Each structure stands twice: as structure tokens, then as C-alpha cells.
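Enquirer: Any chance you could fold what I've pasted below:
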Amino acid sequence: MTNSLPLPIAIGDLQGCLDPLKRLLDLVPANAPLWFCGDLVNRGPQSLETLRFVKSLGERAVTVLGNHDLHVLAVAYGIRPAHADDTLDVILDAPDRDELINWLRHRPLAHYAHGHLLVHAGVLPQWTLEQTLSLAAEVEGGLRGDHVREFLATMYGNEPARWDDALVGADRHRVVINALTRLRFCDANGTMDFKTKEGVGSAPVGFMPWFDVPGRRTRGTPIVCGHWSTLGLVLRPDLLALDTGCVWGGCLTGVALGPDRRQWQVRCPQAAVVKHR
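Expert: The predicted structure is shown next:
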């Protein structure tokens, strides 16, 4: 009989909280592949150590880029100033800064394996699984290319707020980045709202959580995501939402992608007190 690895364990947003991650990993199978939902860094006390640790896991770990990961890239390349509540200076001043930043910009925005799609925030209702992966690859090409600084310079902004197949250039990439790393609510036509950050009950009139849009074309594919700490843990046949607010004093959650969806959680001390974008 051949030995096979267990199915991956998906883990919610770390945001620079390495100690809870190590406690969680003490509980899970030692050889299990790990899927991280993005936002490895920022707001927590161990952003540098967390980045180094996840990088050191090598092929055992897959992590997609979150909005905080993109933020550290933008700061590192001089595109954006740091926020007052950032905890990124330790990364930017580290002797291995360039190696870490280069590793981070080569992470994917979407990953599909074992019948599950991993993204940081969400997927627009118009997109199929194949289109999501193709659009993510377009952005990944810009982040990994020789002109990454110029690419990052066009990344920020809330417009266009809706996908159109005719979009090109920076507008096209901005919609993809915003959907995959910032999306919470959208309307039935896929127009995104970026103002509301609270739970499901706070949806603006005419808007709904992206995963509840009728006719969403990825509904048949279980999607693993983080980003939405006020949503909390949601496990449905088509959704594993895993940001349980580790940096805000909640829990760090891991869920196996097998049919039983075995869960592990560890309590986390509150490390951040002011919420920023």
C-alpha cells in the first residue's frame, strides 16, 4: 500500500500572528499540506517572523495574496505610504527584505486543487472557475514581471466597480485584484461595494454577500476564503470562510478539505485595536 498525504488543511488570515499558527500546527497532522487564505502580514506583532516561517514551509504550503500582502508590496516599491497602524517596518528593514518581497510577489491570487478554489476574499458572480484562474494569472504575470513597480502603481482605486469582458489594461486588472482580495458585498449584477465591512446583516440596500448572489457561476465549486473577520466561520457545501479574527482577539481556524471537514481552533490574544482598510 502506498502512503498518501492527507488532504490540505486551510487556515484563516494570520496577519502577523505566528504564535497562534504554531499552536495550531501542533494540533494538525504533521505532514498535511497547508493552504493559507492570504493576509500573512500586518497588524499583528510578528509580521516578519510569520513571513519567514510560511516561506520556510516550502512546497508544503500554498498561500494566496491578500490585500495586506499587496499593501506591503506597494509600500516596499514606494507606491504607497505605510499606515499608522501597520506593522511592516520590521519586514522593510530586514536584511532579507528583498528575498521576502520577491517571494511574496510570486504568490498566486487564486489556487485550485482537490476540487476547491482558494482565494483571499471572493469571486464575482459572472466568473466561472476557469475564468477566475485565467484572470488571476493575468495579474500574477504583472506582479512577477520586470515592471512590477509600474504595475503596482495602477492597482489602487474602487473603479471600475463591476466586471466587463471588454475591460483592458489597468482597469481590467484593478477589478480582478479588488474582487479577489477585497470583495465582501456585491449586487446581482456583480457591482462591488467597498464601504461596508461588518457582517451579513449590514449589507447595503440591493447588495448581498458575494457568495449568495443568485446564479453565481462558481456555485458548484467549494471556495475557500478569508478576509471577512466580522463574518466569522462559515462552512457550507460551496463555501469555507475561515477568517475568525485572529489578530482581533478571536481564533485562528484550520479546516481539513476532506468530506468531514475536521476543524481545529486556537484562541488568539488581541494584537490590533484600530481597523483600517
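Enquirer: what's residue 211 in contact with, if anything?
Expert: 122, 223, 238-239, 241 (Cβ atoms under 8 Å, 6 or more residues apart in numbering). The C-beta positions use only the backbone N, C-alpha and C, and glycine is treated the same way.
Enquirer: out of those residues, which are buried?
Expert: Buried members of those, counted by 16 or more other Cβ atoms under 10 Å: 122, 223, 239, 241.
Enquirer: out of those, who's nearest residue 229?
Expert: Nearest to residue 229 among those is residue 241, at 9.9 Å by Cβ to Cβ.
Enquirer: about what we covered before: with respect to residue 203, which of the buried ones among the contacts of residue 211 is nearest?
Expert: Minimum distance to residue 203 across the buried ones among the contacts of residue 211 is 13.6 Å, recorded for residue 122 (Cβ to Cβ).
Enquirer: How about the contacts made by that closest one?
Expert: Counting by Cβ under 8 Å, 6+ apart, residue 122 makes contact with 179-180, 183-184, 210-211, 223, 225, 227.
Enquirer: Recalculate using a threshold of 6 Å.
Expert: With contact set as Cβ atoms under 6 Å, 6 or more residues apart in numbering, residue 122 has these partners: 183, 210.
Enquirer: Give me the three-state assignment for it.
Expert: For residue 122, the assignment made with DSSP: H, G, I helix; E, B strand; the rest coil gives coil.
Enquirer: And residue 240, by the same measure?
Expert: Secondary structure, three-state DSSP: residue 240 is strand.
Enquirer: Ok, residue 43 next?
Expert: coil.
Enquirer: Residue 227 - nearest residue in space that isn't next to it in sequence?
Expert: residue 121 (4.1 Å; Cβ to Cβ, 6 or more residues apart in numbering).
Enquirer: what's the burial count for the one you found?
Expert: Residue 121 has 26 neighbouring residues, counting by other Cβ atoms under 10 Å.
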